[in-house]
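Student: Quick one, structure for this:
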Amino acid sequence: MLESSEFLTPAQIVVELDKYIIGQHEAKRHVAIALRNRWRRLRAAPEMRDEIVPNNILMIGSTGVGKTEIARRLAGISGSPFVKVEASKFTEVGYVGRDVESMVRDLVEQSVNMVKTRRKEEVKTRAAELVEEAILDILIPPVTGAPGVAKPALGFPTTTGSGEMPDSDSELNERTRERFREKIRNGELDDRKIEIQVQQGGGGISVMGGAPGGMDEASMAGIQDMLGSMMPKKTRKRKVTVAEARKLLFDEEAAKLIDMDEVKDEAVRHAENSGIIFIDEIDKVASKSSKGGGGPDVSREGVQRDLLPIVEGSAVSTKYGIVNTDHILFIAAGAFHVAKPSDLIPELQGRFPIRVELQSLTKDDFYQILKDPKNALTKQYEALLKAEDVELTFEDAALERLAEIAFEVNSEVENIGARRLHTVMSRLLNDILFDVPDKIGANARILIDRALVEERLNDMVRNRDLSQYIL
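Tutor: Numbering: from 1, shown residues only. Next comes the predicted model:
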């Protein structure tokens, strides 16, 4: 857990975030401290470890300023299970819709996939050896020990390289297998068709009519998994190429080498101690009135009350076992244009002690976003056209003008932050993307300068009806 961040100080975590996110230094500092504190807790004295709880974070800021990206990149830095959910998609208990515990089940599912992927990488070499042997057994069946000289295998002669007859059929078989082993490794047999046995999918057991007796979804899933594991695995024959067989058999052999009980135990621990749940649109469930009454406000408050025990720390039943949420890091975010953070119920407010207000993006921020991040839009478009052997470059003056236009359009209509750059770049480059490769062939060089930006985008600022440009 937290292996990748073991030697990252808070300052180093901020440097990593700076590679992808422009500005928002206060928010980066808070999440960096939160991440480092998790590593510190795992190394604290055992008697204090369970007493140290995470400081959950509430991010306040308009859309497109980097709230989700900060949380997502933080999870990537730490190698933590991460799920993003929208608070507005949940309904309180008793109504049709997703219940809040499903976010924890999604987190554990993500954690299981991460652990399985890592375990599969660990057994990759051994699984590849077993697959190779399985394919050889199909091409050159092993000798059963019957006396006499073996028959020629797949057209190979029965003599050795020196012209002498082999001492036995097993020696011939082994020599032939070794020759075919080299051919498999060199890819010479990739197109040869062979017949293999593969497990059939879709053999799970389902219960019609929902979970009986008020049984929850996780318990029902657990019972179905148990019943499914008790049923014999169905297989069927498939005729595939050696290359396809290698892929199909690898998954089966790797699964046999992985202890799923260990995977589940590790995944649950990983989710409990390293998991990050990002709750977006938390302002959408904030009640704008503290007075009693009916309507949507009651439903919103119900969702908040259902969220409260999950964020405070509770035991959630999943198909992989009970998961305690005491040390999961929760990061909530919302624009809070209509509602205010104080409109959340007091108990929920108290579970998000760190509040960070993210700043609106400036023209200079837009310019930096276009130029500096590893995943900058300009670099994405350059990569797209490079796939067609077309070189795309941007002048600095063009980037400055693009930033100005995005800022101006955001000021005229609804401010959607950095997402406006997608609109602007699409408008600028759509004709070029359409003309490649029919009119603009390979090895072409395209320079985006300020004049081209003015020519293609000035009408976006002049036109009063900008609705067509709103994402």
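Student: going forward, measure contacts between C-alpha atoms and count neighbours the same way
Tutor: Will do.
Student: show me where the stretch 251-400 of the chain has helices.
Tutor: Taking DSSP state H, counting those that start in this stretch as the criterion, the stretch 251-400 of the chain contains helices spanning 260-274, 296-312, 346-350, 363-371, 377-386, 396-412.
Student: Who are the packing partners of the first one?
Tutor: What it means is helix 260-274. Contacts defined by 3 or more CA pairs under 8 Å, 6 or more residues apart in numbering; DSSP states H and E place helix 260-274 against helix 102-122, strand 321-324.
Student: which one of the ones you listed is the most hemmed in?
Tutor: For those, the largest average neighbour count (mean count of other CA atoms under 10 Å) is found in helix 102-122, namely a mean of 19.
Student: Specify the angle between it and helix 260-274 in degrees.
Tutor: Going by axes from the mean of the first three to the mean of the last three CA atoms, to 10 degrees, helix 102-122 is angled at 120 degrees with respect to helix 260-274.
Student: Tally up the residues packed near the residue nearest to Ile279 when sequence neighbours are not counted, please.
Tutor: Distances taken as CA to CA, 6 or more residues apart in numbering put Ala332 closest to Ile279, at 4.5 Å, once the chain neighbours are dropped. Taking other CA atoms under 10 Å as the neighbour definition, Ala332 ends up with a count of 26.
Student: mean pLDDT for the helices of the stretch 251-400 of the chain: which is lowest?
Tutor: Set side by side, the helices of the stretch 251-400 of the chain show their lowest mean pLDDT on helix 296-312, which sits at a mean of 84.
Student: what's the angle between that one and helix 102-122?
Tutor: 40 degrees.
Student: so what secondary structure elements neighbour helix 296-312?
Tutor: So helix 296-312, by 3+ CA pairs under 8 Å, 6+ apart, packs with helix 346-350.
Student: centre of the chain versus the helix it packs on, how much separation?
Tutor: 30 Å (CA atoms, centre = their mean, to the nearest Å).
Student: of all the helices and strands packed on helix 260-274, which lies closest to Met59?
Tutor: helix 102-122 (18.9 Å; CA to CA).
Student: And the contacts of the closest one?
Tutor: 80-83, 85, 218, 254-255, 258, 263-264, 266-268, 270-271, 275-277, 316, 318, 320, 323, 325 (CA atoms under 8 Å, 6 or more residues apart in numbering).
Student: Could you export that helix as CSV, keeping only the C-alpha atoms?
Tutor: The C-alpha trace of helix 102-122 is given here as CSV (Å, rounded to 0.1, in the frame of the first residue of the first chain):
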residue,chain,number,x,y,z
SER,A,102,-22.6,1.1,-3.7
MET,A,103,-19.7,3.6,-3.8
VAL,A,104,-17.8,1.4,-1.3
ARG,A,105,-18.6,-1.8,-3.2
ASP,A,106,-17.3,-0.1,-6.4
LEU,A,107,-14.1,0.9,-4.6
VAL,A,108,-13.5,-2.7,-3.4
GLU,A,109,-14.1,-3.9,-7.0
GLN,A,110,-11.5,-1.5,-8.2
SER,A,111,-9.1,-2.6,-5.5
VAL,A,112,-9.6,-6.3,-6.5
ASN,A,113,-8.9,-5.5,-10.1
MET,A,114,-5.7,-3.7,-9.1
VAL,A,115,-4.4,-6.6,-7.0
LYS,A,116,-5.3,-9.2,-9.6
THR,A,117,-3.4,-7.2,-12.2
ARG,A,118,-0.4,-7.0,-10.0
ARG,A,119,-0.5,-10.7,-9.1
LYS,A,120,-1.0,-11.6,-12.8
GLU,A,121,2.2,-9.7,-13.6
GLU,A,122,4.1,-11.6,-10.8
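Student: Output the lowest mean pLDDT helix or strand found in this protein.
Tutor: Using mean pLDDT, DSSP states H and E, helix 217-230 stands out as the lowest-scoring helix or strand of the chain, at a mean of 55.
Student: And stretch 328-337, what's buried?
Tutor: By 16 or more other CA atoms under 10 Å, the buried positions in stretch 328-337 come out as 328-336.
Student: Redo those residues as CSV? Include pLDDT and distance to Val198.
Tutor: Formatted as CSV, those follow (pLDDT from 0 to 100; distance: CA to CA, whole Å):
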residue, pLDDT, distance to Val198
Ile328, 95, 39
Leu329, 94, 41
Phe330, 96, 42
Ile331, 95, 43
Ala332, 95, 45
Ala333, 95, 46
Gly334, 94, 48
Ala335, 91, 51
Phe336, 92, 53
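Student: Arg450: which of these is nearest?
Tutor: Ala335 (33.7 Å).
Student: check contacts around that closest one.
Tutor: By CA under 8 Å, 6+ apart, the contact list for Ala335 reads 60-63, 281, 283.
Student: redo that, cut-off 6 Å
Tutor: Under the criterion of CA atoms under 6 Å, 6 or more residues apart in numbering, the contact list for Ala335 reads 60-62.
Student: ok, now Gly417?
Tutor: Applying CA under 6 Å, 6+ apart, we find Gly417 in contact with 64-65.
Student: Would you mind checking the contacts of helix 102-122 for buried ones?
Tutor: Neighbour counting by 16+ other CA under 10 Å classes 80-83, 85, 218, 254-255, 263-264, 266-268, 270-271, 275-277, 316, 318, 320, 323, 325 among these as buried.
Student: Relative to Ser274, how far out is Gly76?
Tutor: As judged by CA to CA, to the nearest Å, Gly76 and Ser274 stand 12 Å apart.
Student: Between those two, which is the more surrounded one?
Tutor: Under the neighbour definition other CA under 10 Å, Gly76 and Ser274 were set side by side, and Ser274 has more, 24 against 15.
Student: so the more buried one makes contact with Phe82?
Tutor: No. Under the criterion of CA atoms under 6 Å, Ser274 makes no contact with Phe82, lying 9.0 Å away.
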